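Asks: Sharing a model prediction with you, sequence too.
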Amino acid sequence: MLGLPKETELNKQLPKSAIYAKFQMNRTAKEKMDRDISRIYIVNEVSASKVNLSVGTEIKSFFVLSVILKHKKFDEKNIIALSKLIPQNMVMVLEYEEEAKLAVYHAKLMQTEWLPKESLSLELKGLDLDSVWENIIIQIGNFTVEQGNSLDEQISKNEQREKLQKKIDKLERLARVEKQPKKKFELVSRIRDMEKELNKI
């Protein structure tokens, strides 16, 4: 799966009941997860012994999980919960019928677009598993780490930019329909201030 080396392939079903029992999930949490997720399989284990890479300081291995969804419009909270429940580094392949997307949780849930299953791939870029894992997060999150930033700093900056951009977009919509010149001027001034702030981040 995902063009990963054959040596990494597994095909183990991870019963939802085992997850529920191990983490003592309450009925409401189980029902929420059941609404979205049909089945879960562990499909790959990437470790130094299975691929020609050095062990990282932080990352010794990571797993690829195939998560079969019951519908395309799933609740992201269920995928986040699954990521937090299983204490492993995981890439999830969220599958619905003939389409799939990759997801990874690192400070927040990052996802690719929906694509035909067979066109999904994952590139193992790096000299050790730490750098490979970092590059996987960057691939799935579709961003670049600017010079001088750590991965976490970049994710935090990107989030700040996204939030600020949403506020700017909202104010621009309000400014377009505002009839009173004074109010319109105030909105435009706020937009300019926010744009300056955005450039600084």
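Replies: Received the coordinates, thanks. Residues are numbered from 1 along each chain as shown.
Asks: so what secondary structure elements neighbour the helix ranked longest in the chain?
Replies: Assignment by DSSP state H gives helix 151-177 as the longest helix of the chain. Helices and strands touching helix 151-177, by 3 or more CB pairs under 8 Å, 6 or more residues apart in numbering; DSSP states H and E, are helix 129-141, helix 181-200. Where C-beta positions appear, they are placed from N, C-alpha and C, glycine not excepted.
Asks: Can you list the buried residues in the worst-scoring helix or strand of the chain on mean pLDDT?
Replies: Ranked by mean pLDDT, DSSP states H and E, the weakest helix or strand in the chain is helix 16-22, scoring a mean of 86. Within helix 16-22, the residues scored as buried using 16 or more other CB atoms under 10 Å are 16, 19-20.
Asks: Quickly find the element holding the residue positioned nearest the centre of the chain.
Replies: Most central in the chain under CA atoms, centre = their mean is residue 110, positioned 1.8 Å from the mean C-alpha point. Assessed by DSSP states H and E, residue 110 sits inside strand 108-111.
Asks: and for that strand, what are the contacting residues?
Replies: Strand 108-111 is contacted from outside by 76, 79-80, 83, 94, 101-104, 137, 140-142, 155, 159, using CB atoms under 8 Å, 6 or more residues apart in numbering.
Asks: Give me the buried stretch members for stretch 71-89, please.
Replies: Neighbour counts over stretch 71-89 (16+ other CB under 10 Å) mark 74, 78-79, 81-83, 86, 89 as buried.
Asks: same question, stretch 157-164
Replies: Buried residues in stretch 157-164, defined by neighbour count with 16+ other CB under 10 Å: residue 158.
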